[in-house]
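Trainee: Pasted the sequence and its predicted model underneath.
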Amino acid sequence: MTKKPTVPPDTEKIRCPRLGHQIPFSYCRRENQGLPCFKTADCWHSHFPVVEYLRKELTPEQWKTVFMNRPKQKMLSLLDQIEQAKASKKGK
């Protein structure tokens, strides 16, 4: 039987590059509509074996949703939204 990696307590916080302030791991692992933030592995890898922990906690589908589908760059996302708004306006 393999031992689960020890999760840091909520008293241990690190700086979140997305939010800009200190947060605990418990926030990172539920930030994305109940799933981990896509940056969780990047941020916590030096504190404990986070990838090993998350692979045990998540289903393969959840892992793929969170870590294999990286969000679009901000500019591409904005351009998509502009195109959608144009298409919506033409449809009315």
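Mentor: That came in fine, so what should we check first?

Trainee: make it CA atoms for all contacts and neighbour counts henceforth
Mentor: Noted.

Trainee: Buried by neighbour count: which residues of stretch 14-23 qualify?
Mentor: For stretch 14-23, the neighbour count (16 or more other C-alpha atoms under 10 Å) marks residue 23 as buried.

Trainee: And stretch 21-34, by the same measure?
Mentor: Buried residues in stretch 21-34, defined by neighbour count with 16+ other C-alpha under 10 Å: 23, 24, 25, 27, 28, 29.

Trainee: so the fifth one sits right up against residue 40, yeah?
Mentor: Yes: Residue 28 lies in contact with residue 40 (C-alpha atoms under 8 Å); the separation is 6.0 Å.

Trainee: returning to that earlier point: just the ones of the buried residues of stretch 21-34 in helices?
Mentor: If you go by DSSP state H, the buried residues of stretch 21-34 have 25, 27, 28 in helices.

Trainee: and the residue positioned nearest the centre of the chain, what does it touch?
Mentor: Per C-alpha atoms, centre = their mean, the C-alpha nearest to the average position across the chain is that of residue 37, at 1.5 Å. Residue 37 sits next to 28, 29, 30, 31, 66 when contact means C-alpha atoms under 8 Å, 6 or more residues apart in numbering.

Trainee: go with 10 Å
Mentor: Shown in contact with residue 37 (C-alpha atoms under 10 Å, 6 or more residues apart in numbering): 18, 27, 28, 29, 30, 31, 43, 66, 67.

Trainee: does it belong to a helix or a strand, and which?
Mentor: Using DSSP states H and E, residue 37 sits in no helix or strand.
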